[in-house]
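*Asks:* got a predicted structure here, sequence first:
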Amino acid sequence: MVQFQIRYFPLKALLIIGFAAACTLLVSSFRSLPKPYKYTLKTIVIDPGHGGTDPGCITTNAQEKTIALQVSLKLGKILMDSLPGMNVIFTRKTDKFVDLNERAVMANKAKADLFLCIHVNTSGSTSAYGTESYAMGLHKTEGNLAVAKRENEVILLEKDYKEKYEGFDPNSPESNIIFTMNQNAFLNQSLNLAAKIENEFKKSKRFSRGVKQAGFLVLWKCSMPSVLCETGFISNPTERAYITNDSCQNIIAQNLYRAIKNYKISVEK
C-alpha cells in the first residue's frame with residue numbers, strides 16, 4: 001500500500017508568497033499606465049507690428065514697422081539660441097503687410113503657446129515716454145482706448161474688413177464699446193506674461209507705464225495667451241534714439257527673452 005505524505009505550508013509562508021505575487025501584479029499594472037501629461041511651452045509666435053503699406057507710427061527719420069521688425073528678429077534669434085527646441089514663428093520676417101486676422105490665424109494653426117506683438121508707441125506730446133504691455137480686455141481708460149483705436153485702424157487697409165471682423169468699425173465709438181465685451185479666455189496668463197515683461201524693462205532702468213488691458217483686434221481671436229508690447233515712444237526724441245539704436249534694441253530683445261523664459265518656467269511647474 002502506497003502512502004502519500006501531505007506537506008502543509010505554514011500560514012506565514014503562504015502570506016509572504018501571496019504578498020509577493022500581489023506586489024508583482026501591482027508593479028506590472030503601474031508600468032502599463034500612461035505617463036502623466038507634462039505641459040511644456042514649445043511654440044511662440046512673434047508678431048512685428050504693421051509692415052508694408054502700413055508704416056505704423058512715423059517721424060521724419062523712423063518708422064514703427066522697421067523698429068518692430070528689427071526687435072522681433074533679434075528676439076527670435078535669442079530664443080532659438082538660448083532655448084533649444086523652442087519653435088519660433090514670425091508673422092512676417094520682411095517689410096510686408098499682413099492682415100490682423102491672418103496673424104491670429106497663423107498662431108492658431110501652429111497651436112502656439114504664446115503670441116507676442118511688438119509695437120512702438122506715439123503721443124501728441126513729445127514728453128510722453130516709457131513702455132507698456134497690453135492684454136486683451138476692457139478699455140479702462142481713455143488712453144487705453146486711444147492706443148487700441150490707433151492700432152485697430154490698420155484694418156481700413158484690408159479688403160472686406162467689415163465681413164472679416166464681424167462689422168467692427170474702428171472709427172465708431174459704439175463698435176469699440178461692444179468690442180471690449182469680448183474677453184480673452186487666457187486673460188490671467190496674458191497678464192502674467194505682461195507683468196514679467198514690464199518687470200524686465202524696469203530692471204534695465206526703463207520707465208514702465210504698467211500692464212494694461214484694451215481691445216486689440218490682433219489679439220481678439222488668438223487661442224493662447226497673448227500680449228501686445230509697446231516698447232517705447234517714437235514721438236519722444238530721447239526714447240526714439242534708444243529704440244532705433246542697434247545695441248539698445250538688443251537690450252529690449254533680452255528683456256523680452258528673459259520675461260518669456262521666466263513665464264515658461266512658471267507655467268511648466
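*Replies:* Great, that's in hand. None of the values given here were measured: they were computed from a predicted structure.
*Asks:* surely Lys93 is in a strand?
*Replies:* No: secondary structure of Lys93, determined by DSSP: H, G, I helix; E, B strand; the rest coil: coil, with no strand assignment.
*Asks:* wait, doesn't it sit right on Leu73?
*Replies:* Yes: with contacts counted by C-beta atoms under 8 Å, Lys93 reaches Leu73, the gap being 6.9 Å. In this view, the C-beta of every residue, glycine as well, is placed from N, C-alpha and C.
*Asks:* so which of those two has more stuff around it?
*Replies:* Between Lys93 and Leu73, Leu73 has the larger neighbour count (other C-beta atoms under 10 Å), namely 17 against 13.
*Asks:* and the host helix or strand of the more buried one, which residues are buried?
*Replies:* Per DSSP states H and E: Leu73 is located in helix 64-82. For helix 64-82, burial by neighbour count (16 or more other C-beta atoms under 10 Å) applies to 64-76, 78-79.
*Asks:* against which helices or strands is it packed?
*Replies:* Helix 64-82 sits against strand 43-48, strand 87-90, strand 114-121, strand 226-233, helix 246-268, with contacts defined as 3 or more C-beta pairs under 8 Å, 6 or more residues apart in numbering; DSSP states H and E.
*Asks:* mind doing that once more with 10 Å?
*Replies:* Other elements packing on helix 64-82 under the criterion 3 or more C-beta pairs under 10 Å, 6 or more residues apart in numbering; DSSP states H and E are strand 43-48, strand 87-90, strand 114-121, strand 226-233, helix 237-243, helix 246-268.
*Asks:* can you redo those as CSV with mean neighbour count, distance to Leu217 and mean pLDDT?
*Replies:* CSV is the format used below for the helices and strands packed on helix 64-82 (neighbours: other C-beta atoms under 10 Å; distance: least, C-beta to C-beta, whole Å; pLDDT from 0 to 100):
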stretch, mean neighbour count, distance to Leu217, mean pLDDT
strand 43-48, 25, 12, 98
strand 87-90, 17, 19, 98
strand 114-121, 26, 11, 97
strand 226-233, 28, 10, 96
helix 237-243, 18, 24, 98
helix 246-268, 18, 22, 97
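*Asks:* hmm, back to that, between Lys93 and Leu73, which contacts overlap?
*Replies:* 46, 48 (C-beta atoms under 10 Å, 6 or more residues apart in numbering).
*Asks:* tell me where the stretch 1-150 of the chain is predicted with low confidence.
*Replies:* 1-37, 138-150 (pLDDT under 70).
*Asks:* distance of Gly85 from Lys264?
*Replies:* 11 Å (C-beta to C-beta, to the nearest Å).
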